[in-house]
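A.B. asks: Structure for the following, please:
(one chain, ligands or ions: 1)
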Amino acid sequence: MSNTSPSALASEFLRVLHRRIGPLPGEVTAVVAQLMQATSQGHVCLDLLPRDDAVELADQLLSSGICGRAGAFQPLILDLGRLYLARYWHYESQLAKQLGQLAGPPTTLDHAPARAVLDQLFTNNQQQPDWQKAAAAAALINRLTVISGGPGTGKTSTVVNILGALQALHDGQLIIQLAAPTGKAAARMAEAIRARKHQLPLPPAIIDTLPEQAQTIHRLLGPRPESIYFRHHAGNPLPCDVLVLDEASMIDLALMAKLVDALPAHSRLILLGDKDQLASVEAGAVFGDLCSLRALDQTTCDALAALAGVAVPPSAREAGPIGRSVMLLTHSYRFDGRSGIGELARLANQGEAVAAMALLQGNQFADIRWQEGNMAQLANRLETRIREGFGPFWQAVQTGQSAAVVMAAFNRFRLLAATREGEAGMHQLNRLSEQVLRGNQSPGWYHGRPVMITSNDYNLKLFNGDVGIALDSPQGLRVWFEAEGGLRSITPARLPPHDTAYCMTVHKSQGSEFDQIALVLPDAPLPVLTRNLIYTGITRAKQFAELWGIGASLRAAIEHAPTRTTGLADRLGAG
Ligand SMILES: Nc1ncnc2c1ncn2[C@@H]1O[C@H](COP(=O)(O)OP(=O)(O)OP(=O)(O)O)[C@@H](O)[C@H]1O
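C.D. replies: Coordinates of the predicted model:
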């Protein structure tokens with residue numbers, strides 16, 4: 001979202017319209033301001049249907065000279081009872097059309113070898129039904145596959161098997177591209193695939209064709225300087241037979257539309273993500289919208305049974321082409337029944353605020369902890385926790401360990417905040433961490449300073465969300481970043497915009513995991529405190545998750561589950 005406030009954007013937009021066509025009726029001006037406000041909060045459009053004055057308002061909009069029906073060349077579009085900025089209407093309708101085509105008729109598949117390779121790859125799943133194998137079968141049958149699952153449900157393992165199966169069935173000839181919204185998420189996916197592919201029971205010649213690199217979506221599409229357009233689009237499609245997108249819940253409408261537009265007509269698309277995580281920062285909720293359509297019909301269940309030998313039940317509701325492409329993985333291999341993190345995440349996700357609170361206060365799990373109090377009450381304890389949590393990292397920094405050792409130590413613990421500003425915000429917690437670790441030494445650059453990049457720099461190949469650590473060297477301070485297959489360093493002066501990174505917002509933590517996290521909640525129940533934020537924060541921890549704050553804030557957050565207004569599910573459901 002832009003840094004300009006929604007009201008400033010709305011006034012600017014209205015001023016331009018006013019200059020173009022003269023004064024607008026008061027109702028139209030008011031609804032445009034509401035639309036601007038809504039899009040700044042991540043909604044794609046404004047739903048007019050529930051309003052009492054929906055019919056009159058639609059008439060006023062359509063006769064105002066600034067709003068047209070679907071496809072009109074106007075700044076605003078009224079379609080399916082929703083009001084859109086033309087740009088978003090265009091992205092949404094184009095994406096719906098192209099996803100509809102992707103989800104169209106199944107591919108031609110030679111069943112016997114497909115069955116054989118699936119049996120070879122999925123041998124040891126104890127879960128019944130084996131949704132991983134069913135998801136893989138769906139990915140062999142369809143060109144669009146959407147796989148959603150929480151942490152440790154086997155999304156990555158399943159996709160490696162899928163890629164192995166596809167290459168085995170195509171003699172290793174497929175061009176596979178791997179991408180993710182952030183550099184960190186791309187690096188994690190590539191690392192997981194590198195680690196797993198050699199364990200596949202497939203001939204080495206096939207395994208060798210599985211990719212070892214993943215890139216950010218921006219880099220895949222080929223950014224053009226000073227332009228919102230990319231090098232790859234429908235007129236210049238990506239060289240790609242299979243595209244796998246990880247952390248797909250973070251991808252906003254505009255970027256997803258551009259990405260799908262750049263796919264060649266024959267290509268497969270596999271989206272991986274966790275539908276319960278926070279939606280994208282920019283407008284849209286594409287992954288969530290797709291998952292909301294999930295429904296398997298009898299024909300699909302029969303096809304999955306025939307191909308994978310997996311008996312999955314048909315859904316009670318009617319299944320459309322998209323719904324048949326959505327597979328949910330529900331069993332976490334990381335967080336089993338004995339895991340407090342898994343249980344807390346489940347309760348938060350289901351909106352069970354009271355039970356989640358009781359679980360945290362009950363101390364029955366060693367991997368979750370609740371630190372109750374307002375910021376003033378928590379200050380001393382938080383300082384102790386910071387000293388302890390970053391202890392191994394700071395020790396590694398001060399004893400002059402290598403960048404790799406320091407980086408690994410840093411990834412063991414992270415503070416998470418709901419907001420950037422405020423007493424429990426990211427900046428304040430970073431200041432506190434620096435004070436705890438360094439005393440009153442002057443701020444700025446220093447040996448051991450961790451930073452997170454906040455905007456993409458294509459020349460330096462540094463991307464929004466990349467984390468680096470400054471370390472002294474004979475040439476002065478260098479900031480070390482993880483890079484494909486190793487580490488690289490850059491002088492601080494060359495870095496694109498960045499923040500100190502002892503603490504990051506939950507939004508920015510998506511796509512990353514840490515051994516331990518401490519999520520600090522603000523005292524006031526702000527609108528950004530939502531169920532998805534709590535769930536996303538908790539599930540960044542692999543071993544230990546700790547929540548700090550007042551009970552009322554946590555309960556309010558778990559009960560607050562706002563949805564985004566978009567027309568995508570309706571368009572796709574109707575298709
Ligand atoms: N069917 C299975 N049987 C046993 N272990 C499994 C199975 N599937 C996955 N695992 C194990 O569970 C762990 C998590 O799997 P994986 O990394 O594929 O999950 P994920 O959903 O991609 O997780 P995340 O994205 O949160 O890292 C791995 O150690 C993996 O080996």
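
A.B. asks: Where do the helices of the stretch 301-450 of the chain begin and end?
C.D. replies: Per DSSP state H, counting those that start in this stretch, the stretch 301-450 of the chain has helices spanning 340-349, 353-362, 375-389, 391-398, 403-410, 426-438. These are given in chain order.

A.B. asks: Mind checking the ones you listed for the one nearest to the ligand?
C.D. replies: The ligand lies closest, by Cβ to the nearest ligand atom, to one member of these: helix 340-349, at 11.2 Å. In this view, the C-beta of every residue, glycine as well, is placed from N, C-alpha and C.

A.B. asks: distance between the helix or strand hosting residue 101 and the chain's centre?
C.D. replies: Using DSSP states H and E, residue 101 maps to helix 86-102. Here helix 86-102 is found 20 Å from its chain centre; the criterion is Cα atoms, centre = their mean, to the nearest Å.

A.B. asks: So what touches that helix?
C.D. replies: If you take Cβ atoms under 8 Å, 6 or more residues apart in numbering as the criterion, helix 86-102 is touched by 39, 44-45, 70, 73-77, 79, 84, 143-144, 253-254, 256-257, 260-261, 263, 265, 269, 283-284, 286, 290, 321-322, 566-568, 571-572, 575.

A.B. asks: Beyond it, next helix or strand please.
C.D. replies: helix 111-121.

A.B. asks: Show me what the mean pLDDT comes to for that following helix.
C.D. replies: Averaged across helix 111-121, pLDDT comes to 95.

A.B. asks: neighbours around residue 430, how many?
C.D. replies: Neighbour count of residue 430, defined by other Cβ atoms under 10 Å: 23.

A.B. asks: Looks like it contacts residue 520 (just checking).
C.D. replies: No: at 11.6 Å, residue 430 does not count as touching residue 520 under the criterion of Cβ atoms under 8 Å.

A.B. asks: who touches both of these two?
C.D. replies: residue 503.

A.B. asks: Show me which residues of stretch 176-196 are buried.
C.D. replies: Neighbour-count burial for stretch 176-196, with 16 or more other Cβ atoms under 10 Å as criterion, is recorded at 176-194, 196.

A.B. asks: now stretch 505-515
C.D. replies: For stretch 505-515, by 16+ other Cβ under 10 Å, it's 505-514.

A.B. asks: Just give me the closest of the residues you listed to the ligand.
C.D. replies: For these, the nearest to the ligand is residue 513 (6.4 Å; Cβ to the nearest ligand atom).

A.B. asks: residues contacting that closest one?
C.D. replies: Residue 513 makes contact with 151, 188, 540-542, according to Cβ under 8 Å, 6+ apart.

A.B. asks: Next, format those residues as TSV and append secondary structure.
C.D. replies: As requested, the contacts of residue 513 are exported to TSV (DSSP: H, G, I helix; E, B strand; the rest coil):
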residue	secondary structure
151	coil
188	helix
540	coil
541	strand
542	strand
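
A.B. asks: what's around the residue in the stretch 1-150 of the chain that the ligand sits nearest to, how many residues?
C.D. replies: Nearest to the ligand in the stretch 1-150 of the chain, going by Cβ to the nearest ligand atom, is residue 125, at a distance of 4.0 Å. Per other Cβ under 10 Å, the neighbour tally for residue 125 reads 17.

A.B. asks: Residue 408 versus that one, what's the distance?
C.D. replies: For residue 125, the distance to residue 408 (Cβ to Cβ, to the nearest Å) stands at 31 Å.

A.B. asks: Nearest residue to the residue nearest the centre of the chain in space, please, no chain neighbours.
C.D. replies: Against the mean C-alpha coordinate of the chain, by Cα atoms, centre = their mean, the closest residue is residue 250 at 2.6 Å. Distances taken as Cβ to Cβ, 6 or more residues apart in numbering place residue 181 nearest to residue 250, at 4.3 Å, with adjacent residues excluded.
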